[in-house]
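J.: Please find the sequence and the predicted model below.
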Amino acid sequence: MSKSELSKIKNEFQLQVEKYLDDGDRVIAGISGGPDSMLLLYLLHRSGVKTVAVHCNYGLRGKASDLDQELVEQICSMWEIECVSVRFDPEEAGKENFQEWARQRRYQVFYDLKREYKADYITTAHHKDDQIETILQKILRGAGTSSWRGMEILEGDLFRPLLGISKQQIIQFVQEFNIPFRIDGSNEESTYARNFLRHSWFPELDRLFPGWKKNLLKIPGRASEFESMSDHILSGVSEHPERLIRNAFLALPDVIKPVILHRFIEKSGVDEMPGGSFFSSVESLEQLQSGKSLQLSNQLHLERDRDEFILFKKKRDAEKEQINTIDIFSGEIEAGNLNLSTEPFHGEYQQGVLYLDREKISFPITLREWQNGDEIIPLGMDGSQLISDHLTNRKISSSKKSEAKVLESFDGTICAVIFPHFSADNQLGTVSEKVRCTNQTKTVLTIRKK
């Protein structure tokens, strides 16, 4: 590789920095001491990016592991980069998969330091060969097409600026520019899945299918196309992130239903996905009666509510919270998944937010689950209405009604009912007529979802 070609790597890195980072951004950089991470450290240094280097020493290779740590610390000192070294006891992994255990501990440290240093991103030295291995492993493990996207250069707060650079390019670069690095001998063993692919499969694939890596790297593009098509179809059967239009969904071809249902759940933002067996039996949704639900996972449920299927997460334990005047006067508090704050009122309303006239509320107030017999005078009405009837009228699904909350003032007035999920018209809840805002309202108590 010529000097000009090596300079392209610097230019490519600088382009990624200018594209994704703002001036003054700070990164937490995972540095193992290998050629990949030492190149990353070098490029961060040359680009002037504010960096805190983090080295995790698992002690697996005795003195060799300590030498890795010494190298990282010495180079950071020479380049005036702050360095944090963390030691782990590998025996703590017990019978867990060690690589997964180590990864969890490593990223826990990264995120802890990101908060401590008020950093903007965590950056790692993942490169093009890592991308190939990631995609191939997902395919071999039976992951859905939408998962074939692989890694992205910027994914949330993870920044991977070397993703377009191959391992061969990295090795040539660090050798040409005399960047010190160390080789982890355990990487040469075919103990783990990545190393098995790297050392056993790849050489044969190179021999039998020249250019296979380039072809494999086209898959994320195909996955993005598949995802776009899925989103287009989903938009025709869902008008809300947690609701499916029953008839429109059931009218889809059978072969498409599992794909669209998977994408629907994925886009809802839940932190768990159902097992594959559920998606192979979506035909059971057609027989699901209104008010009945299917359990998708430990907490995830899909319920039929008249002409819709509603996705919800069932809580294990009910929470009750007391909010007193001191909390409210402090300006803002969190209560479960809600955010309550006292704000000046300018006569403007934001959809999905409840506004209560602060001066009409008798403190202290209590946020609690509704009980049989609770009543509210809904905004715009003269008479009171049972909370149970009001929830039914607002088309809150029967299985979710118990999760609704009420805000009760000191004098026993129900000031608001907060729905367990946004209603069909995207409302968070209902405010009582007794605490409605008027032209004379100066200060409001607002309630928002976090």
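T.: That came through fine.
J.: So which bits of the host helix or strand of L340 are buried?
T.: Here L340 sits within strand 338-344, counting by DSSP states H and E. Across strand 338-344, burial judged by 16 or more other CB atoms under 10 Å covers L338, L340, T342. Quick note: C-beta positions are derived from backbone N, CA and C, even for glycine.
J.: N372: which of those is nearest?
T.: Nearest to N372, judged by CB to CB, of the buried residues of strand 338-344 is L338 at 22.7 Å.
J.: show me what contacts that closest one?
T.: With contacts defined as CB atoms under 8 Å, 6 or more residues apart in numbering, L338 is in contact with L367, K405, I418, I447, R448, K449, K450.
J.: Now intersect the residues you listed with the strands, please.
T.: L367, K405, I418, I447, R448, K449 (DSSP state E).
J.: circling back: run me through the strand neighbours of the strand holding L340, direction for each.
T.: If you go by DSSP bridges, strand 338-344 pairs up with strand 332-335 (antiparallel), strand 443-449 (antiparallel).
J.: contacts for the last one?
T.: Spelled out, that is strand 443-449. When contacts are defined by CB under 8 Å, 6+ apart, strand 443-449 is touched by residues 328, 337-345, 352-359, 361, 407, 416, 418, 422, 428-429, 437.
J.: in that strand, what counts as buried?
T.: Buried residues in strand 443-449, defined by neighbour count with 16+ other CB under 10 Å: V444, L445, T446, I447.
J.: what bridges to the third one?
T.: Just to be clear, that refers to T446. Beta-bridge partners of T446, counted by DSSP bridges, are S341, Y355.
J.: and C56, helix, strand or coil?
T.: Under the three-state scheme (DSSP: H, G, I helix; E, B strand; the rest coil), C56 adopts strand.
J.: Could you report the separation of it from L163?
T.: Separation of C56 from L163 (CB to CB, to the nearest Å): 21 Å.
J.: got the phi/psi numbers for V435?
T.: phi -120, psi 20 (degrees, to the nearest 10).
J.: Now do the same for it: its pLDDT.
T.: On pLDDT, V435 comes in at 95.
J.: How about the contacts made by it?
T.: Counting by CB under 8 Å, 6+ apart, V435 touches L356, D357, K360, I361, T413, C415, A416.
J.: Could you do L234 as well?
T.: Contacts for L234 (CB under 8 Å, 6+ apart) come out as I260, R263, F264, K267.
J.: quick one, helices of the stretch 351-450 of the chain?
T.: For the stretch 351-450 of the chain, applying DSSP state H, counting those that start in this stretch gives helices covering 387-393.
J.: In the stretch 1-150 of the chain, mark out all the strands, start to finish.
T.: 26-30, 50-57, 82-87, 121-123 (DSSP state E, counting those that start in this stretch).
J.: JSON lines please, covering these and showing distance to L40 and mean neighbour count.
T.: Formatted as JSON lines, the strands of the stretch 1-150 of the chain follow (distance: least, CB to CB, whole Å; neighbours: other CB atoms under 10 Å):
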{"stretch": "strand 26-30", "distance to L40": "6", "mean neighbour count": "23"}
{"stretch": "strand 50-57", "distance to L40": "9", "mean neighbour count": "21"}
{"stretch": "strand 82-87", "distance to L40": "14", "mean neighbour count": "16"}
{"stretch": "strand 121-123", "distance to L40": "7", "mean neighbour count": "23"}
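J.: Find the residue ranges of the stretch 151-300 of the chain scoring beneath the pLDDT cut-off.
T.: Scanning the stretch 151-300 of the chain for pLDDT under 70 picks out the ranges 185-194, 269-281, 297-299.
J.: hmm, try it at 80
T.: By pLDDT under 80, the weakly predicted segments of the stretch 151-300 of the chain are 184-200, 220-224, 268-284, 291-300.
J.: what's the helix or strand E204 falls within packed up against?
T.: Element membership for E204, per DSSP H and E: helix 202-208. With contacts defined as 3 or more CB pairs under 8 Å, 6 or more residues apart in numbering; DSSP states H and E, helix 202-208 has no helix or strand neighbours.
J.: contact partners of it?
T.: For helix 202-208, contacts defined as CB under 8 Å, 6+ apart pick out W212.
J.: Just the CA trace of the next helix or strand after that helix, in CSV.
T.: Per DSSP H and E, the first helix or strand lying C-terminal to helix 202-208 is helix 212-216. In CSV, the C-alpha atoms belonging to helix 212-216 read as follows (Å, rounded to 0.1, in the frame of the first residue of the first chain):
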residue,chain,number,x,y,z
TRP,A,212,-17.2,-13.1,-1.3
LYS,A,213,-16.5,-10.4,1.3
LYS,A,214,-17.5,-7.7,-1.1
ASN,A,215,-20.7,-9.5,-1.9
LEU,A,216,-21.5,-10.1,1.7
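J.: so how far is the helix or strand just after helix 212-216 off the chain centroid?
T.: Note on helix 212-216: by DSSP H and E, the next helix or strand toward the C-terminus is helix 219-235. Relative to the centre of its chain, helix 219-235 is centred 19 Å away, using CA atoms, centre = their mean, to the nearest Å.
J.: quick one: buried residues of helix 219-235?
T.: I219, P220, A223, F226, E227, S230, I233, L234.
J.: before we move on, what about stretch 290-299?
T.: Buried, per 16+ other CB under 10 Å, within stretch 290-299: S293, L294, L296.
J.: can you pull the contacts of the residue nearest to the first one when sequence neighbours are not counted?
T.: Read it as S293. Among residues not flanking S293 along the chain, E303 sits closest, at 3.6 Å (CB to CB, 6 or more residues apart in numbering). Contact analysis of E303 by CB under 8 Å, 6+ apart lists G291, K292, S293, L294, F309, I310, F312, S397, S399, K400.
J.: what's the farthest-apart pair in the residues you listed?
T.: L294 and K400 (14.4 Å).
J.: got the domain boundaries for the chain?
T.: Annotated domains of the chain cover 3-209, 236-313, 321-449 [automatic domain parsing].
J.: got the ones you listed as TSV, with distance to N215 columns?
T.: Formatted as TSV, the domains of the chain follow (distance: least, CB to CB, whole Å):
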stretch	distance to N215
domain 3-209	8
domain 236-313	24
domain 321-449	44
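J.: Please report how far D36 lies from L197.
T.: Distance from D36 to L197, by CB to CB: 17 Å.
J.: can you list the strands paired with strand 338-344 in JSON lines and add distance to L113?
T.: Putting the strands paired with strand 338-344 into JSON lines (distance: least, CB to CB, whole Å) gives the following:
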{"stretch": "strand 332-335", "distance to L113": "25"}
{"stretch": "strand 443-449", "distance to L113": "30"}
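J.: Just give me the closest of the buried residues of strand 443-449 to I387.
T.: I447 (16.1 Å).
J.: Could you dump the buried residues of helix 219-235 into JSON lines with distance to D374 added?
T.: Formatted as JSON lines, the buried residues of helix 219-235 follow (distance: CB to CB, whole Å):
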{"residue": "I219", "distance to D374": "55"}
{"residue": "P220", "distance to D374": "52"}
{"residue": "A223", "distance to D374": "49"}
{"residue": "F226", "distance to D374": "48"}
{"residue": "E227", "distance to D374": "44"}
{"residue": "S230", "distance to D374": "42"}
{"residue": "I233", "distance to D374": "42"}
{"residue": "L234", "distance to D374": "37"}
